[in-house]
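Q: A predicted structure for the sequence below; I have some questions about it.
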Amino acid sequence: MEFYRSGNLFWPLGSIEITREEIDKEFKYIHQIEKKNKNYITLAIKSAANTFDQFILTLDELIILFYKNFKNEIILFFYEDGEIRASGFSKFPIEFNEGFAPFKGGIAYNLLMAMGQHIKSHLEQNFEKINLKWECNRCNFESYLRVDINFTIDLTKIIENSSRINI
């Protein structure tokens, strides 16, 4: 068992006796390493899940920002090299830059490549009342993903929920 600790086999010359205490000590050491490795794996998974959640929250907030400003189309470009561009954000440069800053460096591109269908399902389900449609297409020539988000702005519902206009 010394091999797990030092990488070398250790066996006392002329003796094959090992005490129960020595065996318990070795098993305890191995168990600590296994537990430490499991903790790192759990931490990595939780960290990745947090990044994923933050990305979805950024998209949720972006959709709400556009809706409240009566804009019903969002076009985003996520490049493999990490660059993120957008169409129609001239009125919201601060929100766009702050919202997507943590996902530059290829994180957003990688998330979309790996989890695009989950993101689509989440957004279309959560925003079904505004008929949100998500489309993500890869452009191989320039190595980017184009995301189109479209939804319906229901003026009747807005008026019905207005506290200033009574119908």
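A: Perfect, thanks for sending it. Numbers count the residues shown, from 1 in each chain.

Q: Can you name the residues that contact Gly99?
A: Contact analysis of Gly99 by C-beta atoms under 8 Å, 6 or more residues apart in numbering lists 58, 61-62. Any C-beta I mention is one placed from the backbone N, CA and C, and that applies to glycine too.

Q: which one among those residues gets closest to Ile153?
A: Leu62 (15.0 Å; C-beta to C-beta).

Q: how close does that closest one get to Ile158?
A: Here the distance between Leu62 and Ile158 works out to 19 Å (C-beta to C-beta, to the nearest Å).

Q: between those two, which one's more packed in?
A: Leu62 (20 against 13; other C-beta atoms under 10 Å).

Q: Assign a three-state SS to the more buried one, would you?
A: Secondary structure state of Leu62, per DSSP: H, G, I helix; E, B strand; the rest coil, is helix.

Q: helix or strand for the most centrally placed residue in the chain, which one?
A: Geometric centre of the chain, nearest residue: Phe52, 1.5 Å, by C-alpha atoms, centre = their mean. According to DSSP states H and E, Phe52 maps onto helix 20-68.

Q: cool, and Arg138?
A: Under the criterion of DSSP H and E, Arg138 resides in strand 133-139.

Q: Just checking: what are the partner strands of that strand?
A: Its sheet considered, strand 133-139 pairs with strand 144-150 (antiparallel) by DSSP bridges.
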